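J.: from the sequence below, what's the structure:
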Amino acid sequence: MSQQLLIGLLSLLILFLASRTTASMSTSEITSLITNKLIAAGYGTQQAIYWSKVSKLETGYFTSTLCKKYNNLFGMMWDQDVSHRYIQTSNGKFEWPETLADSVDLQIEYLHRFNYPHEFYSLSEFVNFLKSKNYFGTETADSYFKKLNSIR
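T.: Okay, the predicted model is just below:
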């Protein structure tokens, strides 16, 4: 299969999945949306899988209110001072992604903004990098690693 055809098919799948709401999507469909959008944005397969695990952890397998009501797949709360697309500003103002695809796009913007590598080769390397960025706060890297490692 040619690369252009593969990219076209991937784009169609992303458009289809992006048009659906959390309530109408299965866990595997949301996971596919996350991984396909990250891969299409140039992130490696392992990185896409790791972020899918983070999303499942942060949202209780896509069942949290933050996910279901506000389309927030990553529990994101970061300033976005360059446009109106943000989750939470330092003054506490909120805006939410309109779709799950928008949530993944915001995560990709976050990864770019904070210079995340495009690939990690082990879950341990990924978790240690997240810890260096204070991604999961005061939790230990070992604890966060064990949680992510248990997610399939």
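J.: and Ile49, how many neighbours does it have?
T.: 19 (other Cβ atoms under 10 Å). C-beta coordinates here come from the backbone N, C-alpha and C atoms, glycine included.
J.: no wait, Gln107
T.: 24.
J.: that one touches Trp51, doesn't it?
T.: Yes. If you go by Cβ atoms under 8 Å, Gln107 and Trp51 touch, sitting 6.9 Å apart.
J.: what touches both of the two?
T.: Leu38, Phe74 (Cβ atoms under 8 Å, 6 or more residues apart in numbering).
J.: for the nearest residue to Gly44 once chain neighbours are set aside, what are its contacts?
T.: Using Cβ to Cβ, 6 or more residues apart in numbering and skipping residues adjacent in sequence, the residue nearest Gly44 is Glu119, 3.4 Å away. Glu119 makes contact with Tyr43, Gly44, Gln46, Gln47, according to Cβ under 8 Å, 6+ apart.
J.: can you redo these as a markdown table with distance to Ile151?
T.: Formatted as a markdown table, these follow (distance: Cβ to Cβ, whole Å):
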| residue | distance to Ile151 |
| --- | --- |
| Tyr43 | 18 |
| Gly44 | 18 |
| Gln46 | 14 |
| Gln47 | 15 |
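J.: any quick ChimeraX command for the buried ones out of those residues?
T.: Burial among the contacts of Glu119 is assessed by 16 or more other Cβ atoms under 10 Å; the matching ChimeraX selection reads:
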select :43,47
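J.: contact partners for Asn134?
T.: Applying Cβ under 8 Å, 6+ apart, no residues qualify as near Asn134.
J.: kindly report the same for Phe120.
T.: Per Cβ under 8 Å, 6+ apart, neighbours of Phe120: Gly44, Gln46, Gln47, Tyr50, Phe126, Phe129.
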